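Asks: Here is a sequence together with a model predicted from it:
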Amino acid sequence: MSIKPVKTAVFPVGGQGTRFLPATKAMPKEMLPVVDRPLLQYAVDEALAAGIERLVFVTARGKGALEDYFDIARELVDSLKAKGKTAELAALEATQIEPGRMVYVRQQDPAGLGHAVWCARHVVGREAFAVLLPDELLWNPANPPLKEMRDAYERLGGNVISVLEVPAEHTHRYGIVDPGVADGLVTEVRGLVEKPAPGTAPSRLAAIGRYILQPEVMDVLAAGKRGAGGEIQLTDAMAEMIGVQPFHALTFTGTRFDCGDKAGHVMANVALALERDDVGPAVRAWLRQLAL
C-alpha cells in the first residue's frame with residue numbers, strides 16, 4: 001500500500017503562556033523572539049522545509065498578533081522600499097506566506113493539547129498530518145527534524161513521533177515511550193504514558209513536540225476522554241493507536257530548547273545568537289567578560 005505524503009501541519013497556539021507573564025499579557029508566547037524571529041517562525045520554517053503545504057493554527061482569544069505577523073504589512077514594506085532597505089525587506093519575505101496556505105481555527109475551551117489538535121479535524125480531513133509545538137525549538141538547520149521524521153514516515157508508514165532521552169528525574173514532565181525494538185535512531189513504540197509518577201517511567205525516551213499522525217487519532221480524541229491534569233491528552237489518544245497501526249519514535253539528533261520555560265528561552269537566545277555572524281562576536285565577547 002502506498003504511503004501518502006504529509007501535506008498539513010497543525011500548530012496548537014492557543015495557550016495562555018502564564019509562565020511568561022507579564023510579557024504574555026499583551027503578546028502571545030509564540031511571538032516571543034529568539035534573537036530576531038518569533039518562536040512560531042522557527043516552527044513554520046521547519047514545516048515548510050519538510051514540504052508541508054497547509055499550515056493550520058489552532059488559536060484562542062487574544063492571539064490576533066499571530067495572524068497579523070504572517071500578513072503583509074503594506075505600510076512597512078512601502079516605507080522600507082522608499083528608504084532602500086533591502087536587507088530588512090528580505091527579512092520580511094519569510095513572514096509572508098502564500099495566500100490560502102494558512103488556516104486559523106479557534107480553540108474555545110482550553111481543554112488540553114489533544115483537544116487543540118481535535119479542533120483542527122475538519123481542516124485535516126482523512127489524511128496523515130503533522131503536529132508541531134512551537135515552544136519546543138528543535139534546532140538542527142542541516143537536517144530539520146520534521147523533514148527527518150517525514151523521511152522515516154515514508155519508509156515506515158503509520159505514526160512517527162520525535163523523542164529525546166531525558167534524565168530519569170524529569171520523566172514525570174513528559175509523555176514517555178514504552179520502547180520495543182530499536183534500529184538506529186528509530187524505536188518501535190509499544191506504549192505511551194503521559195507524565196508517569198516518579199520511578200514508574202518505562203524508559204527515558206520523552207516525546208518532544210513533533211508528531212506525524214494518522215487521521216484516526218481524531219476519532220479517538222472525539223470521545224473527549226480526560227487524562228493527566230483533567231485535560232484531553234494527545235499522548236493518551238496516541239496510545240490507543242499502538243497495535244492498531246505502525247508506531248515509531250525517531251530520536252532527535254540536534255539541540256532542543258524548551259522555550260516554554262524561561263531558562264530554556266534565554267538559552268535559546270544565547271545559543272542561536274552565537275551562531276550568527278552579525279551578533280555572535282559581540283555576544284561571545286560579553287560572555288567572556290562574564291567568565292572573568
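Replies: Yep, that arrived.

Asks: Do you have the strands of the stretch 51-200 of the chain handy? List them.
Replies: With DSSP state E, counting those that start in this stretch as the criterion, the stretch 51-200 of the chain has strands at 54-59, 102-106, 129-132, 136-139, 159-165, 175-183, 186-194.

Asks: Between these, which one is closest to residue 116.
Replies: strand 54-59 (4.7 Å; CB to CB). Heads up, the C-betas are built off the backbone N, CA and C, glycines and all.

Asks: related to what we said a few turns ago, to residue 122, which of the strands of the stretch 51-200 of the chain lies closest?
Replies: The nearest among these, by CB to CB, is strand 102-106 at 8.2 Å.

Asks: Check which residues of that closest one are buried.
Replies: For strand 102-106, burial by neighbour count (16 or more other CB atoms under 10 Å) applies to 102-105.

Asks: Comparing the strands of the stretch 51-200 of the chain, which comes out most buried?
Replies: Counting by mean count of other CB atoms under 10 Å, strand 129-132 has the highest mean neighbour count of the strands of the stretch 51-200 of the chain, with a mean of 26.

Asks: what pLDDT, on average, does it get?
Replies: For strand 129-132, mean pLDDT rounds to 98.

Asks: For it, which strands pair with it and how are they oriented?
Replies: In the sheet, strand 129-132 lines up against strand 8-12 (parallel), strand 205-213 (antiparallel) (DSSP bridges).

Asks: Now those strands in a markdown table, please, with extra columns for mean neighbour count and distance to residue 271.
Replies: Converted to a markdown table, the strands paired with strand 129-132 look like this (neighbours: other CB atoms under 10 Å; distance: least, CB to CB, whole Å):
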| stretch | mean neighbour count | distance to residue 271 |
| --- | --- | --- |
| strand 8-12 | 26 | 23 |
| strand 205-213 | 24 | 17 |
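
Asks: Could you dump the ones you listed into a markdown table and include mean pLDDT and distance to residue 126?
Replies: Compiled in a markdown table, the strands paired with strand 129-132 are given as follows (pLDDT from 0 to 100; distance: least, CB to CB, whole Å):
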| stretch | mean pLDDT | distance to residue 126 |
| --- | --- | --- |
| strand 8-12 | 97 | 11 |
| strand 205-213 | 95 | 12 |
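
Asks: To residue 263, which of those lies closest?
Replies: Taking CB to CB, strand 205-213 is the member of the strands paired with strand 129-132 nearest to residue 263, at 16.6 Å.

Asks: Could I have the CA atoms of the closest one written out in CSV?
Replies: Extracted C-alpha coordinates of strand 205-213, given in CSV (Å, rounded to 0.1, in the frame of the first residue of the first chain):
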residue,chain,number,x,y,z
LEU,A,205,12.5,8.5,25.9
ALA,A,206,10.3,11.6,26.0
ALA,A,207,8.0,13.0,23.3
ILE,A,208,9.3,16.4,22.4
GLY,A,209,6.6,18.2,20.5
ARG,A,210,6.8,16.8,16.9
TYR,A,211,4.3,14.2,15.6
ILE,A,212,3.2,12.7,12.3
LEU,A,213,-0.2,11.1,12.9
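
Asks: hang on, the earlier thing: mind putting the strands of the stretch 51-200 of the chain into a markdown table with distance to residue 15?
Replies: Below are the strands of the stretch 51-200 of the chain laid out as a markdown table (distance: least, CB to CB, whole Å):
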| stretch | distance to residue 15 |
| --- | --- |
| strand 54-59 | 10 |
| strand 102-106 | 13 |
| strand 129-132 | 14 |
| strand 136-139 | 12 |
| strand 159-165 | 19 |
| strand 175-183 | 17 |
| strand 186-194 | 17 |
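
Asks: Of these, which is nearest residue 79?
Replies: strand 102-106 (24.4 Å).

Asks: So what are the sheet partners of the closest one and their directions?
Replies: So strand 102-106, judged by DSSP bridges, has these partners: strand 54-59 (parallel).

Asks: average pLDDT for the strand it pairs with?
Replies: For strand 54-59, the per-residue pLDDT averages 96.

Asks: Right, I'll call it a day here.
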